[in-house]
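**Student:** Sequence and computational prediction follow.
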Amino acid sequence: MGIYAVEVLPFWKRPLGDDWLAVSGSGDHVFLSGPEVETLNKGCVSELPLALQATLKSRFFTASTDTPGTRRLLNSRRAARRETVTAGPSLHILVPTLQCAHSCQYCQVSRSLHDTGHTMTREDLHAACDRIFDSQSPTLTIEFQGGDPLLRFDLVREAIERIQIKNRHEGRLLRFVVASTLHQLDDAMCAYFREHGVVLSTSVDGPASLHNRNRPLPGRDAYERTLAGIERARRWMGHDAVSALMTTTKASLAHPEAIVDEYVRLGFAEIFLRPLSSYGFAKRNQALLGYRPAQFETFYRRAFERVLHWNRQGVPLREVYASIILNKILSPFDSGYVDLQSPTGAGQSVLVYNYDGYVYPSDEARMLAESGDISLRLGPIGTPLAELQQSAVQQALIEASQVERVDDCRTCAFQSYCAPNPVDAQAQFGRLDTPALETEHCQRHQWLFDFFFDAVRQADEDRLDLFHAWARPTSSPEQETLCDA
């Protein structure tokens, strides 16, 4: 029986408490002691315990020099992690109108009380619906945003029916999502959505006082009207037909437990603990609403612990940000979260057809346009997908988001899970190629990966089971995009 030589494959390491985290090219990880890392660095694999040698081989840290099977499997694992951006755009966001009655201080777009100049033409609506099928993705999620799309329910209905008619020939799996305050929702809309398999997404920022402060209406009853919409939707369409998002403002920081408890009280199975985004008009209110990254980290730790508390009580509440990070860490099958793809998912896995007649590579890119930065427009609605993806803007986004070409990412232990976000960089610094470590996107996700790797390292069997359950890919629209309603 021959003895095969073993070589150490490329891997990346990062200190984690008293141990080291090591990540292989497949995205598999191990926790090692200092001496074990040093031995592996030297290539002296045979000096390590036999059980650890087997683990390192099974997780693509090592390979026999004369058996190519490991490398072929490694390439397949890498390809699986990139499937989100190679399968074609699967998320298509239509913005039929910018009309909205709210005056949220953190709003990322310029809302309008009137439809003149702020509503998509029917010609553009039809062209957008038709161009969606340029994508080769077998599953197409069509999400209506605004403003509040229910203020132009006629356009939403027209788009849904046009897409469904075209799909009789195409045979794709369709998902429809409407992101709305739900204040305009009535029984007729609910009946229509139930008939056509539409789900709803709304915003709940916490208890009434916090929600009404963050999302003011002249009558100061935004919370009450949103809850009425949720109850109506559940009555007509089923309990799981409506989901909710929250945005963490400066006012939210003192109330992490109350926010989580509100989601439990309202019977939601998920909560997405999202930080404030500095896009468009939200950026103008940073002095009023903004906070330091460390403040969000403290808020997140407390809120996450409260989520775990409810799970220990038998209430199956899932934190979406945690599931996104844990999916990257624990699953070989990517959930499709577009902000952590290399090259970027912007324009490759998501497209936005805006009321202004243009296509954008992401919702955040169209938010930049609302404040005057139109540098990320891909082209007019109706432009073939192939032309959009070959545009100078799309190619620049791809170039700025490839981890192997970005200095700060090439040596990062999280490069298999994360990526630069050039749209974020453009919003924060006015340039796509801002050094990754300078961006809020990078700083926040480095902390999140550190936090969850440490949580995995210290987890008992029950906690690991919970983490693995959260890591499974989900069809929830909140995993795919960070959208406000």
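**Tutor:** Great, that's in hand. Residues are numbered from 1 along each chain as shown.
**Student:** what stretches of the stretch 51-200 of the chain score poorly on pLDDT?
**Tutor:** 101-116 (pLDDT under 70).
**Student:** And the helices in it?
**Tutor:** 69-81, 83-86, 122-131, 153-170, 187-196 (DSSP state H, counting those that start in this stretch).
**Student:** for these, which one sits closest to V8?
**Tutor:** helix 69-81 (12.1 Å; CB to CB). Yep, even glycine has a C-beta here, placed from its N, CA and C like the rest.
**Student:** Pull out the buried residues from stretch 193-201.
**Tutor:** Within stretch 193-201, the residues that count as buried by 16 or more other CB atoms under 10 Å are F193, V198, V199, L200, S201.
**Student:** make that stretch 79-91, sorry
**Tutor:** Neighbour counts over stretch 79-91 (16+ other CB under 10 Å) mark A80, R81, T84, V85, A87, G88, P89, S90, L91 as buried.
**Student:** Now that the third one has come up, it's in contact with L340, right?
**Tutor:** No. Applying CB atoms under 8 Å as the test, T84 and L340 come out as separate, 9.2 Å apart.
**Student:** which residues of the stretch 201-350 of the chain fall in helices?
**Tutor:** 208-214, 222-237, 256-265, 286-289, 293-312, 320-330.
**Student:** which other helices and strands contact the longest one?
**Tutor:** Using 3 or more CB pairs under 8 Å, 6 or more residues apart in numbering; DSSP states H and E, the elements in contact with helix 293-312 are helix 256-265, strand 273-275, strand 318-319, helix 320-330, helix 440-458.
**Student:** hmm, try it at 7 Å
**Tutor:** helix 256-265, strand 273-275, helix 440-458 (3 or more CB pairs under 7 Å, 6 or more residues apart in numbering; DSSP states H and E).
**Student:** A127 reaches I381, doesn't it?
**Tutor:** Yes. Using CB atoms under 7 Å, A127 is in contact with I381, at 5.1 Å.
**Student:** Compare those two and say which one has the larger neighbour count.
**Tutor:** Taking neighbours as other CB atoms under 10 Å, A127 and I381 compare with I381 leading, 24 against 19.
**Student:** okay if I get the buried residues of stretch 79-91 as CSV plus distance to N41?
**Tutor:** Below are these laid out as CSV (distance: CB to CB, whole Å):
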residue, distance to N41
A80, 28
R81, 25
T84, 32
V85, 32
A87, 37
G88, 40
P89, 41
S90, 40
L91, 41
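**Student:** of those, closest to F268?
**Tutor:** L91 (21.8 Å).
**Student:** so the closest one makes contact with V350?
**Tutor:** Yes. Between L91 and V350 there is a contact at 4.2 Å, judged by CB under 7 Å.
**Student:** Show me this protein divided up by domain.
**Tutor:** Domains of the chain are assigned by automatic domain parsing as 6-78, 88-365+475-480.
**Student:** host element of the spatially closest residue to I93 that is not a sequence neighbour?
**Tutor:** Using CB to CB, 6 or more residues apart in numbering and skipping the chain neighbours, the partner closest in space to I93 is V352 (4.4 Å). Assessed by DSSP states H and E, V352 sits inside strand 350-353.
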